[in-house]
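Enquirer: Would you be able to build a 3D model of this:
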Amino acid sequence: MTPDEFTAALTALSWKQNDFCRMAGVNKSTPSRWVTGDVPIPDWVPKFLGMAQEVKRLHDTYVIPPKPGKNTDA
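Expert: Have a look, this model is predicted:
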């Protein structure tokens, strides 16, 4: 995972770096070191973010009610 992909994943989740730190249990300075390229992003991070994105997708699909006027027969 590149620093840009990491940042894009956080954006897709509507997370800030602090949110990621809280969810993943990492030090608050760690993501900024990844984004600047000072430290490589560990292999577990894309997997973690992928699972978080899938949970968000499922939540958005099945928990959040559709807006009135939207066709839900897809």
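Enquirer: And whichever helix or strand residue 21 is part of, what's buried?
Expert: Secondary structure assigned from DSSP states H and E places residue 21 in helix 17-24. Buried residues in helix 17-24, defined by neighbour count with 16 or more other C-beta atoms under 10 Å: 17, 20-21. Heads up, the C-betas are built off the backbone N, CA and C, glycines and all.
Enquirer: quick one: which of those is nearest residue 33?
Expert: residue 17 (10.5 Å; C-beta to C-beta).
Enquirer: ok, residue 58 to residue 22 distance?
Expert: 21 Å (C-beta to C-beta, to the nearest Å).
Enquirer: before we move on, the earlier item: packing partners of whichever helix or strand comes after the helix holding residue 21?
Expert: Under the assignment DSSP H and E, the closest C-terminal helix or strand after helix 17-24 is helix 30-35. When contacts are defined as 3 or more C-beta pairs under 8 Å, 6 or more residues apart in numbering; DSSP states H and E, helix 30-35 sits against helix 3-13, helix 17-24.
Enquirer: List the buried residues for helix 30-35?
Expert: Of the residues in helix 30-35, 30-31, 34-35 count as buried by neighbour count, 16+ other C-beta under 10 Å.
Enquirer: would JSON lines of those residues with distance to residue 63 be doable?
Expert: As requested, the buried residues of helix 30-35 are exported to JSON lines (distance: C-beta to C-beta, whole Å):
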{"residue": "30", "distance to residue 63": "30"}
{"residue": "31", "distance to residue 63": "27"}
{"residue": "34", "distance to residue 63": "30"}
{"residue": "35", "distance to residue 63": "31"}
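Enquirer: That concludes my questions; thank you for your assistance.
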